[in-house]
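got a sequence here, can you build the structure:
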Amino acid sequence: MASIKQFQVTFDCAQPERVARFWCEVLGYVVPPQAQGEQAWSACVDPSGAGPRLYFQRVPEGKAVKNRVHLDVRVGTGLVGEARVTALEAECARLVELGAVRVRLLPADEDNESCLLMQDVEGNEFCLD
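Numbers count the residues shown, from 1 in each chain. Okay, here's the model as predicted:
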């Protein structure tokens, strides 16, 4: 059986270009030329080619419930305690300026380090981890 090497993450959304621009800013991705312009979809790609493509498709219905799958944006890797929380809060402030919403800090416990629960410009949950 063949092993899958590539995948993309697809977002259903009302405004594909707006959501794509947000995630490009968050991740340092770029919108490829074929995904530019007013249409029912947009995309963003990792310019290094290492990360997955993100695809944004217009759908008529709005978001109704909590995501069953979400992205973890890894900004605190290797950090613990206050140093980790400081890094998470700094990135949170940057993303709020881009239109994200800070939901709450999930403090460290015996199994996990702290992370920040957030929402993107259309209310999709993600974590700063």
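
would you map the helices across the chain?
16-27, 81-97 (DSSP state H).

what's the angle from the longest one to helix 16-27?
Per axes from the mean of the first three to the mean of the last three Cα atoms, to 10 degrees, the angle that helix 81-97 makes with helix 16-27 is 150 degrees.

name the residues of helix 81-97 that are buried.
84-85, 87-88, 91-92, 95 (16 or more other Cβ atoms under 10 Å). From N, CA and C alone the C-beta is placed, and that goes for glycine too.

looking at those, which is nearest residue 115?
Proximity of the buried residues of helix 81-97 to residue 115 (Cβ to Cβ) peaks at residue 88, which lies at 6.9 Å.

ok, the closest one - contacts?
By Cβ atoms under 8 Å, 6 or more residues apart in numbering, the contact set of residue 88 is 75-76, 105, 114-116, 128.

swap in residue 89?
Contacts of residue 89 by Cβ under 8 Å, 6+ apart are residue 116.

give me the number of residues near the spatially closest residue to residue 72 that is not a sequence neighbour?
Leaving aside its sequence neighbours, residue 72 sits nearest to residue 129 (Cβ to Cβ, 6 or more residues apart in numbering; 4.2 Å). Neighbour count for residue 129, taken as other Cβ atoms under 10 Å: 18.

separation between the residue nearest to residue 66 when sequence neighbours are not counted and residue 71?
Computed as Cβ to Cβ, 6+ apart, the closest residue to residue 66 that is not its neighbour in sequence is residue 125, at 6.4 Å. Distance, residue 125 to residue 71, using Cβ to Cβ, to the nearest Å: 9 Å.

how about residue 102?
Here residue 102 is placed at a distance of 16 Å from residue 71 (Cβ to Cβ).

next one: residue 1
Using Cβ to Cβ, residue 1 is found at 28 Å from residue 71.

how about the contacts made by the closest residue to residue 40 other than its chain neighbours?
Excluding the flanking residues, the one nearest residue 40 by Cβ to Cβ, 6+ apart is residue 58, at 4.4 Å. Residue 58 is in contact with 13-16, 40-41, counting by Cβ under 8 Å, 6+ apart.
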